[in-house]
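Chemist: Just a sequence and a predicted model for now, questions to come.
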Amino acid sequence: MTRARTAISGTIAGVFPSTPSDGDRDPWDADNSRHIARSAPSRSSSGFYAGAPEGESGTISSRRPRSLEDVDDAAVHDGIEIVPVRRNLSLAIAGFAALLGVGLILGAQSSGPDARLPYAIVIFGVQLMFVLAWTMAIRPPAPGIVASVCAVVALGADYSAVSTAQAGLAPLGYVAAGGFLLAVLGQLIRRAGRARVTDSLGSTLLIVIGVVSFASLIVLTRKPIGTQTVLVCLAAAGVGVFVARLTDAVFAKPRLAPQVPRGASGIILGAMLGTLTAAVLGSWLVLPFNPGKGAVLGLITAGVAVLVDLAVDYAETSRNMAGDAPTFWLARHMQGPLGAFALASPAAYALAIFFLS
């Protein structure tokens, strides 16, 4: 009788079984490992999956937190396990974003009419990191072929940006189109690639465009106000991503989603401080820059950067929930800042042409 009563009463562990730790996915913090969010039905005393066992009070709804702000990391909210925020990882990604922004900005400041090759070398190194990180994360069919084609596309885009008689994005567009077609043809050669080529068109195009986007910075430095625009826009983007990740390490609340270890405070604060940074830089630079125009540039580029970085986390969470095999941890965590600067680069070019000019 005592044994049967014990089985009927149940515990909270029976309602929400803990998922195994995936410390092998990420060596950053074994204690605060990533968990794949999932609902956890439990067998009730009546023999059916009623979601909560009956006890003396009938239900355990009084034990469940009412909002994401009422729980700590690694808790459970409405049957969905909340993914904890790994503070060391957030700090590492923030540091990488800061170093990436500083490298792109200093390279642009050191370039000149007869010295664009060093900046092209810097851009090519960033493009290679982008290709490796995004190819390993998205995993299109025939990833080796896609990565090789994108590396060639990066070389072609950089060469076109440096050597064309008139600075413009048209040569980069031709290189991107040719690289995309070549990558698709390379996937069609393999039988496995032919089976998934329709689904991979979007991911392949995304990688090719991201690679070519970095070359727009070289083209922008050939414009009269291009170097200053690179400084203002990339500083805003770098500060935005850096502050957003740094805030997540300290105060990742309110949580945007239980499965995504990001907080709304970091996103908003990053966009605001990125805008402020651009406004301050605009007040120091000469015409056509001023605090107002600097703030507009910063608002757009910082907003784009933090949202792209956030979208990468959502995409990674979707892959985890779908049961996809995890990729190399370094590639996953480099993907956000690289994607942020990849989209901020053409945004800076567009602002220099259509807004400042």
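Modeler: On my side now, so go ahead. Numbering: from 1, shown residues only.
Chemist: What is the helix or strand in which M334 is found packed up against?
Modeler: In the assignment (DSSP states H and E), M334 maps to helix 329-351. Using 3 or more CB pairs under 8 Å, 6 or more residues apart in numbering; DSSP states H and E as the contact criterion, the elements in contact with helix 329-351 are helix 87-109, helix 117-138, helix 191-221, helix 226-250, helix 291-321. The way it works is simple: take the backbone N, C-alpha and C, and place the C-beta from them, glycine included.
Chemist: how about the second one: buried residues?
Modeler: So that's helix 117-138. Residues of helix 117-138 classed as buried: 119-120, 122-124, 126-127, 129-138 (neighbour count, 16 or more other CB atoms under 10 Å).
Chemist: how far off helix 87-109 does that helix point, in degrees?
Modeler: Direction vectors for helix 117-138 and helix 87-109, defined by axes from the mean of the first three to the mean of the last three CA atoms, to 10 degrees, enclose an angle of 150 degrees.
Chemist: Could you pull up the mean pLDDT of the following helix or strand past helix 117-138?
Modeler: Where DSSP H and E defines the elements, the next helix or strand beyond helix 117-138 is helix 143-163. The pLDDT scores in helix 143-163 average 93.
Chemist: could you give the angle of helix 143-163 to helix 117-138?
Modeler: Per the same axes, to 10 degrees, the angle that helix 143-163 makes with helix 117-138 is 160 degrees.
Chemist: list the buried ones in helix 143-163?
Modeler: 143, 145-151, 153-162.
Chemist: end-to-end on stretch 350-357?
Modeler: End-to-end distance for stretch 350-357, by CA to CA, to the nearest Å: 10 Å.
Chemist: measure I82 to R255 for me?
Modeler: Distance check for I82 against R255: by CB to CB, to the nearest Å, it reads 7 Å.
Chemist: for the helices and strands packed on helix 329-351, which one sits closest to G179?
Modeler: Nearest of the helices and strands packed on helix 329-351 to G179, taken as CB to CB: helix 191-221 at 5.0 Å.
Chemist: Hmm, L276 is touching G298, no?
Modeler: Yes: between L276 and G298 there is a contact under CB atoms under 8 Å: 7.3 Å.
Chemist: Between the two, which is the more surrounded one?
Modeler: More crowded of L276 and G298, by other CB atoms under 10 Å: G298, with 29 against 18.
Chemist: tell me the contacts of the more buried one?
Modeler: Shown in contact with G298 (CB atoms under 8 Å, 6 or more residues apart in numbering): V232, C233, A235, A236, G274, T275, L276, T277, A278, A279, G282.
Chemist: I figured the fourth one was touching A278, is that so?
Modeler: Translated: A236. Yes: at 4.0 Å, A236 and A278 qualify as touching, with contact defined as CB under 8 Å.
Chemist: Tell me which helix or strand in the chain has the weakest average pLDDT.
Modeler: The least trusted helix or strand in the chain, going by mean pLDDT, DSSP states H and E, turns out to be helix 12-15, with a mean of 39.
Chemist: Contact partners for the nearest residue in space to T301 that is not next to it in sequence?
Modeler: Excluding the flanking residues, the one nearest T301 by CB to CB, 6 or more residues apart in numbering is C233, at 4.3 Å. By CB under 8 Å, 6+ apart, the contact list for C233 reads A278, L297, G298, T301, A344, A347, A348, L351.
Chemist: need those residues in a markdown table with pLDDT and distance to N320, can you?
Modeler: As requested, the contacts of C233 are arranged in a markdown table below (pLDDT from 0 to 100; distance: CB to CB, whole Å):
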| residue | pLDDT | distance to N320 |
| --- | --- | --- |
| A278 | 97 | 35 |
| L297 | 96 | 35 |
| G298 | 96 | 33 |
| T301 | 97 | 29 |
| A344 | 96 | 26 |
| A347 | 96 | 29 |
| A348 | 96 | 33 |
| L351 | 95 | 35 |
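Chemist: Take stretch 95-104, keep the C-alpha atoms, and write them as PDB.
Modeler: The C-alpha coordinates for stretch 95-104 follow below in PDB (Å, rounded to 0.1, in the frame of the first residue of the first chain):
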ATOM      1  CA  GLY A  95      35.500  40.000 -27.400                       C
ATOM      2  CA  PHE A  96      35.600  38.400 -30.900                       C
ATOM      3  CA  ALA A  97      33.100  41.000 -32.200                       C
ATOM      4  CA  ALA A  98      35.200  43.800 -30.800                       C
ATOM      5  CA  LEU A  99      38.400  42.400 -32.300                       C
ATOM      6  CA  LEU A 100      36.700  41.900 -35.700                       C
ATOM      7  CA  GLY A 101      35.400  45.500 -35.700                       C
ATOM      8  CA  VAL A 102      38.700  47.000 -34.700                       C
ATOM      9  CA  GLY A 103      40.500  45.000 -37.500                       C
ATOM     10  CA  LEU A 104      38.100  46.100 -40.200                       C
END
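Chemist: buried ones in it?
Modeler: Neighbour counts over stretch 95-104 (16+ other CB under 10 Å) mark F96, A97, A98, L100, G101, G103, L104 as buried.
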